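K.L.:
have a look at this fold, sequence not included:
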């Protein structure tokens with residue numbers, strides 16, 4: 001339910017008066033918020049792997065052993081069924097009468113909401129911890145893969161340098177041998193004209 005709708009539900013008066021200061025209204029309502037506390041454990045039998053996509057909170061409440069009284073949901077359904085043009089004071093009075101008719105009170109709604117909030121917080125914190133752990137593992141895997149990539153790249157660069165060195169040495173050696181071949185072949189031809197290759201005319 002939207003925050004401004006909550007304010008309009010509870011800040012009501014039968015007497016006409018100046019509009020309430022929004023900051024004061026928020027300050028007055030914040031004292032009813034459930035304070036942050038230690039993280040509650042996930043409901044027994046709940047796996048963080050299952051906390052994905054659209055979560056079924058009612059099932060989580062059931063697993064947590066919260067009595068299936070649904071005061072919060074009952075009041076929400078009742079309020080949503082009222083004529084939107086009704087004054088806020090009438091809506092509040094009607095909701096109190098509805099609670100009384102089903103044998104509940106405003107305190108029951110507050111208690112029911114508080115129990116469910118602890119489950120919601122447990123889900124959020126468990127999912128956050130699980131995601132951070134999984135993200136850390138994947139980051140470590142990425143780092144390991146990056147190291148392998150860097151090692152392979154360094155190995156390839158070393159192989160290329162080695163190839164260039166061997167190519168350079170081979171070029172020098174071939175040049176030396178070609179020089180010997182040409183020199184001694186030329187000298188032999190000059191000493192024995194009959195062994196010289198026939199020249200084309």
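P.N.:
Structure received. What you are looking at is a predicted structure, and each value in this text was computed from that prediction instead of being measured. Residues are numbered from 1 along each chain as shown.
K.L.:
so residue 62 touches residue 68, yeah?
P.N.:
Yes - assessed by Cβ atoms under 8 Å, residue 62 is found in contact with residue 68 at 6.6 Å. Quick note: C-beta positions are derived from backbone N, CA and C, even for glycine.
K.L.:
okay, these two: which has more neighbours?
P.N.:
Set residue 62 next to residue 68 and count neighbours by other Cβ atoms under 10 Å: residue 62 wins out with 14 against 8.
K.L.:
angles on the backbone of residue 44, please.
P.N.:
phi -60, psi 140 (degrees, to the nearest 10).
K.L.:
and it, how many neighbours?
P.N.:
That count, for residue 44 with other Cβ under 10 Å as the rule, works out to 8.
K.L.:
all helices for the chain, in order.
P.N.:
Shown for the chain, the helices assigned by DSSP state H span residues 3-10, 22-30, 57-63, 71-80, 88-101, 106-191.
K.L.:
what helices or strands is the shortest one leaning on?
P.N.:
Judged by 3 or more Cβ pairs under 8 Å, 6 or more residues apart in numbering; DSSP states H and E, the packing partners of helix 57-63 are helix 106-191.
K.L.:
mean confidence for the helix it packs on?
P.N.:
Here helix 106-191 scores 90 as its mean pLDDT.
K.L.:
still on that earlier bit, of the helices of the chain, which is nearest residue 48?
P.N.:
With distances scored as Cβ to Cβ, the stretch of the helices of the chain nearest to residue 48 is helix 106-191 (3.9 Å).
K.L.:
and the protein, what are its domains?
P.N.:
3-146, 151-192 (automatic domain parsing).
K.L.:
just name the most buried of the ones you listed.
P.N.:
Mean neighbours per residue, mean count of other Cβ atoms under 10 Å, is largest over the domains of the chain for domain 3-146, with a mean of 13.
K.L.:
format the helices of the chain as CSV; extra columns: distance to residue 36.
P.N.:
Formatted as CSV, the helices of the chain follow (distance: least, Cβ to Cβ, whole Å):
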stretch, distance to residue 36
helix 3-10, 18
helix 22-30, 12
helix 57-63, 19
helix 71-80, 20
helix 88-101, 28
helix 106-191, 8
